[in-house]
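[1] 3D, please:
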Amino acid sequence: MSRLWNLRVAATSVAVALLLPACATAQAGLSVTQAPVASAAARQGSFVQRVAPFPVTLPDGTPIAQPFLGGLDVPRPQLVDIDADGDLDLFVQERSGELSFFEREGDGWTWRTDAYEGLDIGEWYRFVDLDADGDMDLMGELRNSYVRAWRNDGTRSAPRFVAVTDTLRDADGVALFADRQNILNLVDIDCNGRLDLFVGRVTGTVNRFEAEPGLGANGLARFRFVSERWEDIEITGPIPGAGPPNGIPNGSRHGANTMAFGDIDGDGDADLFWGDFFEQGVLLISNEGGCPHFSLRGTPQQFPVGDPLLTTGYNAPAPGDLNGDGLLDLVLGVIGGAFGPARSAVDNLYLIEQSTPGTFRTATSRLLPMVDVGTEAVPGLGDLDGDGDLDLLVGNKINPLDDGSATVTWFENVGSSLAPSFHDRGPLALVAEFHAAPVITDLDGDGVPDLVMGTWRDRIAWWRNGGSTAAPEWVLADSGLVTITRGSNAVPTVGDLDGDGDLDLVVGESSGAINLYRNVGTRTAPAFELVSDTFLGIDVGRRSAPTLVDLDGDGRLDLLIGSEDGELQFWRRVGGMEELLFERDADFVVTSDAYAAPAVGDLDGDGDLDLIVGAVSGGLRYFEGAAGDQ
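    Below you'll find the model as predicted:
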């Protein structure tokens, strides 16, 4: 039976009606990406974030202790014993204004929060004892590029940070300014019992301030300016590709920088580590002066000396004795500089261990193991191998190992529909354009799952499985299944919206709008016709990422839509079966990372729908349906 889709805007809500015949049924032809039953948790928008809900293993079988941490692209670490239990905890800044806390437990760290005490730290942070009371206070960026301070009004073991001023000022009352792309540091460099503050400049020089005796009116140290070119340091990096390899460059650049101090050689004084946007390695500036005088020992050297760790640049060092052997180790975050930053989209949080004095080795490039496919992960759930449980595909923006295309990684569910366990099988054998957005669905009705794939362009591709579920052979059946009318970063989802037994198509895009295509072909020979490129009048801001799913359990497909700002919007289907009406549910509140891309399914078979959400940093967030906890 043919169907005419007429569009109109409902008078009482921002919704679009698609007039359907009375004989239409609700859920014929559901894609394998959709779960048929919703939970009370889904209906109420009640989800609980979990970082380790079920087992996930690497390709070599190694378990990932906390797989759903969301990925890392630009980690800025610091090691601090924040709970005074004698070991070093780990703080990592990955996103502007947010600070993640990992508590040291045994030989590793356990995630506690991505919003430590709800503090907005701007673009950088430093824990330091600013009032000499034996516990850690905090400094961060007050936008834009001023210095903010929080005093610890709690204790050493139970800190509580309180903002003390609108901005930190020097001894003359002048607001302290620190370029927001540079990460400053503090240490008592001259051993006089007062902190020195070092602020790097984009010129490659260092400003030094020293704390005045006593405390200011806010109960914190007051810093007086000492020198504009401390120790006459001026560090510039070479232009990538200029000059012969490892030779004298044809030019140089000033860039963003990071600083950290630590006695790496065990001689009793503080040495300086320096990371720079235009420097592949972290630089060690050794202190040969001791206390009370700092003096450079020769020229800066890439660290470890003699066998340096070279990355994509802009390295953020964090020294600390991790195993209590009295020797400093170094945690190194790679923010990604001038040397192909896409290559450090996964390998970007290093541990350099010092086993004996002066002997260093790189222990790992992934200090916090997690699911991380690079940048801008887009998940898809479906039974890819026909064993009755949900597998997971994750597309990315670009392959960190080969910048010629994106990848789609298969995490096979080697557990069951009641007890999932995912194993990383590596990328599928297909060539994916940038910004791969996969959907698992049997598009041609042959009983074998295919892939519908969005890309960075305006086209949706169809990869047909010409083999079987056990031995898939991915064949590009159509590189332009549909072409959206404008924009790029197409993100598809499929479902039978008009109850005629075939799959229709909904597509998100860079503009934040939603495109609706009706299948005017058949279940076995799909053909899509544009109905609306501004479906429902939806505008999520930018980068709409929709998925069709019956989220409220009423037998009709709803829309869950991710966005650039990380907010998920739930558009509930309302009205009778003769027309398709959607209204946004304002009570549904789930927020994830930027470029949020949701996939939905009952992963643990408990009757609740769970969420897996792709993140800008290449990882995934997991939100468990929480009906059972209510």
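
[2] and the gap between the nearest residue to residue 524 once chain neighbours are set aside and residue 519?
    Leaving aside its sequence neighbours, residue 524 sits nearest to residue 445 (C-beta to C-beta, 6 or more residues apart in numbering; 4.3 Å). C-beta: built from backbone N, CA, C; applies to glycine. For residue 445, the distance to residue 519 (C-beta to C-beta, to the nearest Å) stands at 11 Å.

[3] contacts only, for the residue nearest to residue 524.
    Residues in contact with residue 445 (C-beta atoms under 8 Å, 6 or more residues apart in numbering) are 502, 523, 524.

[4] you'd agree the last one is up against residue 444?
    Yes: under the contact definition of C-beta atoms under 8 Å, residue 524 touches residue 444, with a separation of 5.5 Å.

[5] who has more neighbours, these two?
    Higher neighbour count among residue 524 and residue 444: residue 444, with 19 against 11, using other C-beta atoms under 10 Å.

[6] sorry, back to before: helix/strand/coil for the residue nearest to residue 524?
    Local secondary structure at residue 445 is given as coil here, using DSSP: H, G, I helix; E, B strand; the rest coil.

[7] can you pull the pLDDT of it?
    Note on residue 445: pLDDT of 94.

[8] quick one, phi psi at it?
    Dihedral pair for residue 445: phi 70, psi 30, per degrees, to the nearest 10.

[9] do residue 535 as well
    The phi/psi pair for residue 535 (degrees, to the nearest 10) is phi -60, psi 130.

[10] is it true that residue 117 touches residue 163?
    No: using C-beta under 8 Å, residue 117 makes no contact with residue 163, being 10.8 Å away.

[11] max-length strand in this protein?
    The single longest strand within the chain, with elements called by DSSP state E, is strand 474-483.

[12] contacts for that strand?
    Residues contacting strand 474-483 (C-beta under 8 Å, 6+ apart): 428-431, 450-452, 458-466, 505, 507, 515, 517, 526, 528, 530.

[13] can you select the buried ones from these in PyMOL?
    With 16 or more other C-beta atoms under 10 Å as the criterion, this PyMOL line picks the buried residues out of the contacts of strand 474-483:
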select buried, resi 428+430+450+451+452+458+459+460+461+462+463+464+465+505+507+515+517+526+528
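
[14] quick check, residue 343 in a helix?
    Yes: going by three-state DSSP, the assignment for residue 343 places it inside a helix.

[15] ok, it to residue 561 distance?
    32 Å.

[16] who has more neighbours out of these two?
    Counted by other C-beta under 10 Å, residue 343 and residue 561 do not tie: residue 561 has more neighbours, with 26 against 20.

[17] tell me which residues touch the more buried one, please.
    Residue 561 sits next to 508, 514, 538, 540, 544-547, 568-571, 598 when contact means C-beta under 8 Å, 6+ apart.

[18] ok, now residue 302?
    By C-beta under 8 Å, 6+ apart, the residues touching residue 302 are 279, 280, 281, 282, 283, 284, 308, 309, 310.

[19] apply 6 Å and report the result again.
    Contact analysis of residue 302 by C-beta atoms under 6 Å, 6 or more residues apart in numbering lists 281, 308.

[20] could you check the pLDDT of it?
    Looking at residue 302, its pLDDT reads 96.

[21] is it in a bridge, and if so with what?
    Beta-bridge partners for residue 302, by DSSP bridges, are residue 283.

[22] distance of it from residue 257?
    In this view, residue 302 and residue 257 are 15 Å apart by C-beta to C-beta.

[23] tell me the pLDDT at residue 293?
    For residue 293, the pLDDT comes out at 77.

[24] buried sites along stretch 100-120?
    If you call a residue buried by 16+ other C-beta under 10 Å, then stretch 100-120 has these buried ones: 100, 101, 102, 103, 104, 109, 110, 111, 114, 116, 119.

[25] with stretch 470-479 instead?
    Judged by neighbour count (16+ other C-beta under 10 Å), stretch 470-479 contains these buried residues: 472, 474, 477.

[26] in CSV, list these along with distance to residue 395 and pLDDT.
    Shown next, in CSV, are the buried residues of stretch 470-479 (distance: C-beta to C-beta, whole Å; pLDDT from 0 to 100):
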residue, distance to residue 395, pLDDT
472, 16, 88
474, 14, 95
477, 18, 96
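
[27] any weak-confidence spans in the stretch 1-150 of the chain?
    Scanning the stretch 1-150 of the chain for pLDDT under 70 picks out the ranges 1-45.

[28] now the helices for it?
    Using DSSP state H, counting those that start in this stretch, the helices of the stretch 1-150 of the chain run over residues 40-44.

[29] show me the strands in it, by range?
    Assigned by DSSP state E, counting those that start in this stretch, the stretch 1-150 of the chain shows strands spanning 7-9, 16-18, 47-50, 56-57, 76-80, 89-93, 100-105, 108-113, 125-128, 137-142, 146-152.

[30] and of these, who's closest to residue 552?
    Evaluated with C-beta to C-beta, those place strand 47-50 nearest to residue 552, the distance being 13.9 Å.

[31] and the contacts of the closest one?
    Contacts of strand 47-50 (C-beta under 6 Å, 6+ apart): 590, 611, 622, 623, 624, 626.

[32] thinking the fifth one is in contact with residue 611, fair?
    It refers to residue 624. No: the criterion here is C-beta atoms under 6 Å, and residue 624 misses it with residue 611 at 8.1 Å.

[33] mind putting the contacts of strand 47-50 into JSON lines with distance to residue 233 and neighbour count?
    Below are those laid out as JSON lines (distance: C-beta to C-beta, whole Å; neighbours: other C-beta atoms under 10 Å):
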{"residue": "590", "distance to residue 233": "47", "neighbour count": "21"}
{"residue": "611", "distance to residue 233": "49", "neighbour count": "28"}
{"residue": "622", "distance to residue 233": "45", "neighbour count": "25"}
{"residue": "623", "distance to residue 233": "47", "neighbour count": "23"}
{"residue": "624", "distance to residue 233": "50", "neighbour count": "22"}
{"residue": "626", "distance to residue 233": "53", "neighbour count": "19"}
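
[34] dump the residues you listed to a markdown table, plus distance to residue 351.
    What follows is these, written out as a markdown table (distance: C-beta to C-beta, whole Å):
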| residue | distance to residue 351 |
| --- | --- |
| 590 | 34 |
| 611 | 32 |
| 622 | 26 |
| 623 | 30 |
| 624 | 31 |
| 626 | 35 |
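
[35] which among the residues you listed gets closest to residue 204?
    residue 622 (42.8 Å).

[36] which helix or which strand is home to that closest one?
    Residue 622 is part of strand 620-625 when elements are defined by DSSP states H and E.

[37] can you list the strands that that strand pairs with?
    For strand 620-625, the paired strands and their directions (DSSP bridges) are strand 47-50 (antiparallel), strand 610-614 (antiparallel).

[38] can you tell me what sits against that strand?
    Residues outside strand 620-625 that contact it (C-beta under 6 Å, 6+ apart): 39, 41-42, 47-50, 53, 68, 70, 371, 377, 592, 608-613, 615.
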